[in-house]
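>>> need a structure here:
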Amino acid sequence: MLESTNIYAGVCSSNYAKLDRSGKIGVFVRAAKDGEWKHALDSVQAFKILVHPDNPEVVLVGTNDGVWRSTDRGVSFKQTDFPDTKKEIWSFLVDKRDPKRILAGAAPVEVYSSDDMGASWRKLSTPKTPEHIKSPFATRLMQFAQHPQRPDEIFAALEINGVIHSADGGETWTDRSDHLIKLAQLPHLRDEIFSGNVAEGMLDAHSIAINPNHPDDVIVALRTGLFHTEDQGRTWQNLEVGRFAPTTTYAHDIQVSSSEPAALYAALSISATSHEGGLYCSLDRGRTWQRFDKVQVNGTIMALTLHAHDPAQAYICGRHDGEVFGTQDGGETWQAMPLPGEVQHTFTISCG
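A predicted model of the protein is given here:
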């Protein structure tokens, strides 16, 4: 399995002038076993990379100009037939019922659908939900989570506008952020940087996941930590991850292992532009956590990836300096795999 795995890292620029860096953007690819990075796509920013779990020849990239696609495991990429130009794509979801059907989430928030494994797209919906926060950038649909037993039921994490829920496969959406806003009145959950709204941190949603062993338990990764719901987002409870990661409660990614569904992984850091972070694992639905990685990152951990069919493989990327780290033996050992040369902000990583 390791011999046939590729790793993909995506690099983009910053929305804030004070964070601008010089360097390369786009997609880098390398073989997981003794490979060297190649700059496979350099003309666009890469916000999200998906290696198709059923066909690793197909790799999708969410960019600042729609979706780009490879059918040769990253050797080459072509822009897809996409209905809107210059649309930022931040997330993908492969439908559990039909692996050819894929959803894409955009900024500003819109949902697109493909029925041919990402070759062509149509606009599915524009969620009509309240604008809770005035943000310096367009609200991003950062991640989808699909209920394993009721596949028409989908949650989505919005940066910076909370959580939305669909009961019809993404055609229509309902806001599920009211209780998150209410929780923001608690002193330790009040957090604002630019909006003047103390609920800003509780609405800064980066990722969302559903444990297939407990499909009604939905966990969202926020600026203020990890929170879960068991009533479709009507109420949320704090998992208090700070008990186990006291200095790193800023959560930017959370994923469930497809090969070991009891295992939940979260990327935790100090802030969006920090110089510290860690990968944590929970085997009890997020109630307790243990540090999983054995590395020292120099940037916020922006993303993690778990191999769809090999539980021994996991990789993380740090925001600064092209940092990529990985384990290929279930966490026993880790190796640094830095991107070559000077790069901008590493935002996404995938493998397959």
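>>> ok, and what's touching the lengthiest strand in the chain?
Secondary structure of the chain read by DSSP state E shows that its longest strand is strand 214-222. Residues outside strand 214-222 that contact it (CB atoms under 8 Å, 6 or more residues apart in numbering): 145, 147-150, 155, 157, 163, 180, 201-211, 226-233, 236, 239, 251-254, 264, 266-267, 285-286. Any C-beta I mention is one placed from the backbone N, CA and C, and that applies to glycine too.
>>> what angle sits between the next helix or strand after it and strand 214-222?
Using DSSP states H and E, the next helix or strand after strand 214-222 towards the C-terminus is strand 225-229. Counting by axes from the mean of the first three to the mean of the last three CA atoms, to 10 degrees, strand 225-229 points 150 degrees away from the direction of strand 214-222.
>>> Run the chain-centre distance for the helix or strand containing G10.
Counting by DSSP H and E, the element that carries G10 is strand 6-12. Relative to its chain's centre, strand 6-12 lies at 13 Å (CA atoms, centre = their mean, to the nearest Å).
>>> Give me the sheet partners of it and which way each runs.
Strands that pair with strand 6-12, judged by DSSP bridges, come out as strand 26-31 (antiparallel), strand 345-351 (antiparallel).
>>> Next SSE downstream of the shortest one?
Okay, so that is strand 26-31. strand 38-41.
>>> S257 and Q313 touch, don't they?
No: using CB atoms under 8 Å, S257 is not in contact with Q313; the gap is 10.4 Å.
>>> Buried residues of the longest helix along the chain, list them for me.
Counting residues, the longest helix found in the chain (DSSP state H) is helix 178-183. Within helix 178-183, the residues that count as buried by 16 or more other CB atoms under 10 Å are H179, L180, I181, L183.
>>> next one: stretch 109-121
V109, E110, V111, Y112, S113, S114, M117, G118, A119, W121.
>>> same check, this time on stretch 245-265
Quick answer for stretch 245-265 (16+ other CB under 10 Å): 245, 248-257, 263-265.
>>> Give me the distance between the two termini of it.
Start-to-end span of stretch 245-265 (CA to CA, to the nearest Å) is 13 Å.
>>> what does stretch 190-208 give?
21 Å.
>>> Of all the residues in it, which ones are buried?
190-191, 197-208.
>>> residue boundaries of the strands in the stretch 201-350 of the chain?
Residue ranges of the strands in the stretch 201-350 of the chain, as given by DSSP state E, counting those that start in this stretch, are 205-211, 214-222, 225-229, 237-238, 250-256, 264-269, 277-282, 290-291, 301-306, 314-318, 324-327, 335-336, 345-351.
>>> re earlier: now the strand holding G10 against strand 301-306, angle please.
Using the same axes, to 10 degrees: strand 6-12 against strand 301-306 is 160 degrees.
>>> Direction-wise, compare strand 6-12 with strand 314-318 and give the angle.
20 degrees.
>>> mean confidence score for strand 6-12?
In this model, strand 6-12 has an average pLDDT of 98.
>>> For stretch 226-236, measure first residue to last.
Using CA to CA, one end of stretch 226-236 lies 10 Å from the other.
>>> Same check on stretch 124-142?
Start and end residues of stretch 124-142 are separated by 17 Å (CA to CA).
>>> ok, and what's touching it?
15-16, 88, 90-91, 103, 105-113, 156-162, 164, 170-175, 177, 181, 194-195, 197, 199-200, 203, 205-207.
>>> now, which of those lie within strands?
Among the contacts of stretch 124-142, DSSP E puts 88, 90-91, 103, 105-107, 111-113, 156-159, 162, 164, 174-175, 205-207 in strands.
>>> For the stretch 51-200 of the chain, which residues score under the pLDDT cut-off?
Scanning the stretch 51-200 of the chain for pLDDT under 70 picks out no residues.
>>> any idea where the helices of it begin and end?
Using DSSP state H, counting those that start in this stretch, the helices of the stretch 51-200 of the chain run over residues 178-183, 200-203.
>>> R73: which of these is closest?
Of all these, it is helix 200-203 that lies closest to R73, at 37.5 Å by CB to CB.
>>> What helices and strands are in contact with the closest one?
Where contact means 3 or more CB pairs under 8 Å, 6 or more residues apart in numbering; DSSP states H and E, helix 200-203 is packed against helix 178-183, strand 214-222.
>>> These: which one's closest to P83?
strand 214-222 (28.7 Å).
>>> mind listing what that closest one pairs with, with the direction of each?
strand 205-211 (antiparallel), strand 225-229 (antiparallel).
>>> Could you tell me the angle between the longest one and strand 250-256?
If I follow you right, that is strand 205-211. Using the same axes, to 10 degrees, strand 205-211 lies at 30 degrees relative to strand 250-256.
>>> now strand 205-211, how far from the chain's geometric center?
Worked out by CA atoms, centre = their mean, strand 205-211 lies 8 Å from the chain centre.
>>> contacts for that strand?
Applying CB under 8 Å, 6+ apart, the set of residues contacting strand 205-211 is 142-148, 155-163, 217-223, 251-256, 261-262, 264, 285.
>>> Mind checking which of these are buried?
142-147, 155-163, 218-223, 251-256, 264, 285.
>>> what's the neighbour count on the residue lying closest to L141 once chain neighbours are set aside?
In space, and not counting its chain neighbours, L141 is closest to G105: 3.0 Å by CB to CB, 6 or more residues apart in numbering. Neighbour count for G105, taken as other CB atoms under 10 Å: 26.
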